[in-house]
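Asker: Next comes the sequence, and after it the predicted model I'd like to discuss.
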There are 2 protein chains.
Amino acid sequence: MPSEFSLLRDLLPRLNELSGALNRGRLVERAIDSTGHPLDRPAISVLGVLQLAGRPMRVGEIAHRMKVVGPHVTRQVNGLEERGLVRRVADPDDQRARLVELTAEGKAVTERYFATVESWLEGAMSAWTAEDRQALGTLLGRLAEDLAAQVSAMD
Amino acid sequence: MPSEFSLLRDLLPRLNELSGALNRGRLVERAIDSTGHPLDRPAISVLGVLQLAGRPMRVGEIAHRMKVVGPHVTRQVNGLEERGLVRRVADPDDQRARLVELTAEGKAVTERYFATVESWLEGAMSAWTAEDRQALGTLLGRLAEDLAAQVSAMD
DNA sequence: TATTGTTATACTCTATAACTATA
DNA sequence: TATAGTTATAGAGTATAACAATA
């Protein structure tokens, strides 16, 4: 009989391969090329957070979603503002804070980026059934949740 | 009816959450603490490659498996050698090259690390059925493969 | 005094370039 | 001249510390 399924031997290497395929293929970098702006990964990540939120956000809020610290977002926003992709506006509720919002060009750039990424994913998974897509999404979500719970339990 | 399953909305965020859960929890760093050596991620990665291969390897071979360039591995091996976790021995087949092999202490450290990681994975996934574990492994492997093929097709 | 954000600095990981030694 | 490895340097990404302004 075949030896039992092992998380260490059978699951961890798959996770490594996946992250390798994403990095090695420089998929993010190629999708950024399609935007016409020389952005880097954290910059496009800021744009993506704003786009998905669909509203202006504080620096601290963006940092929280990206799981990074504030100063890092400040620097990215500075660069994006210089390029005219975001602007800072006053926060009516708190004069200490300002809100970061996408400009029209920023929105267009982000939409081009997302469209490119989606078309590649569709290309890679064209042979997948709807059931398998759904199953992967569900299982991945569950793993992320269970790992987060495990981490909490360890603290 | 519910809107259709979207790779962009339903799969990509799950991948992000997973990588977030792994990084945010600093799982690798905690597992390293269990080894009793102040190693960093690339260093433990070199040890893991050697352990999984089960034989001495060339620097270039290690770099290939880690998907990084040679000089990076050289630096890691230098550090590991100073700590007595690996040693360099002559390659009988090619005098230009040397082989990197684990010392007894290096093996012990790697085994402690792997055991810790596995116990956490087991803890996180204790409620998972064997079928779901297997399904996730299979689907992840397939996704990694299909993405790699997509990248090849784009070159 | 607590919180939001910024500036300045430093650290980790990985890459490129130039060089040495052997094939 | 090609290949394996090393040394030195540089860059991207993110963190910590110190500070300013407002609550």
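Answerer: That came in fine, so what should we check first?
Asker: any idea where the helices of chain A begin and end?
Answerer: According to DSSP state H, chain A carries its helices in the segments A:12-24, A:27-33, A:41-53, A:59-66, A:70-82, A:104-124, A:130-154.
Asker: is any part of stretch A:83-102 close to DNA strand C?
Answerer: Yes: part of stretch A:83-102 sits near DNA strand C under the criterion C-beta under 7 Å from any atom of the strand, namely A:88, A:91, A:94, A:96-98. To be clear about C-beta, it is placed using only N, CA and C from the backbone, and glycine gets the same treatment.
Asker: and which of the residues you listed is nearest to A:Arg26?
Answerer: Checking these against A:Arg26 by C-beta to C-beta gives A:Arg88 as the nearest, at 31.1 Å.
Asker: List the single closest residue to the closest one in space, sequence neighbours excluded.
Answerer: Counting by C-beta to C-beta, 6 or more residues apart in numbering or on different chains, A:Arg88 lies nearest to A:Arg98, which is 4.6 Å off, once chain neighbours are set aside.
Asker: I'd say the one you found and A:Pro92 touch.
Answerer: No: with contacts counted by C-beta atoms under 8 Å, A:Arg98 stays clear of A:Pro92, the gap being 10.7 Å.
Asker: Counting neighbours, go ahead and name the busier of those two.
Answerer: A:Arg98 (16 against 7; other C-beta atoms under 10 Å in any protein chain shown).
Asker: Show me what the more buried one bridges to in the sheet.
Answerer: A:Ala90 (DSSP bridges).
Asker: which ones are touching it?
Answerer: By C-beta atoms under 8 Å, 6 or more residues apart in numbering or on different chains, A:Arg98 lies in contact with A:58-59, A:88-91.
Asker: What's the separation between it and DNA strand D?
Answerer: A:Arg98 sits 10 Å away from DNA strand D, going by C-beta to the nearest atom of the strand, to the nearest Å.
Asker: Name all residues that make contact with A:Phe114.
Answerer: A:Phe114 touches A:48, A:51, B:8, counting by C-beta under 8 Å, 6+ apart.
Asker: about what we covered before: name the member of the contacts of A:Arg98 with the most neighbours.
Answerer: A:Val59 (20 neighbours).
Asker: from memory that residue sits against A:Arg75, does it?
Answerer: No: in this structure, A:Val59 is not within contact of A:Arg75 by C-beta under 8 Å, at 10.4 Å.
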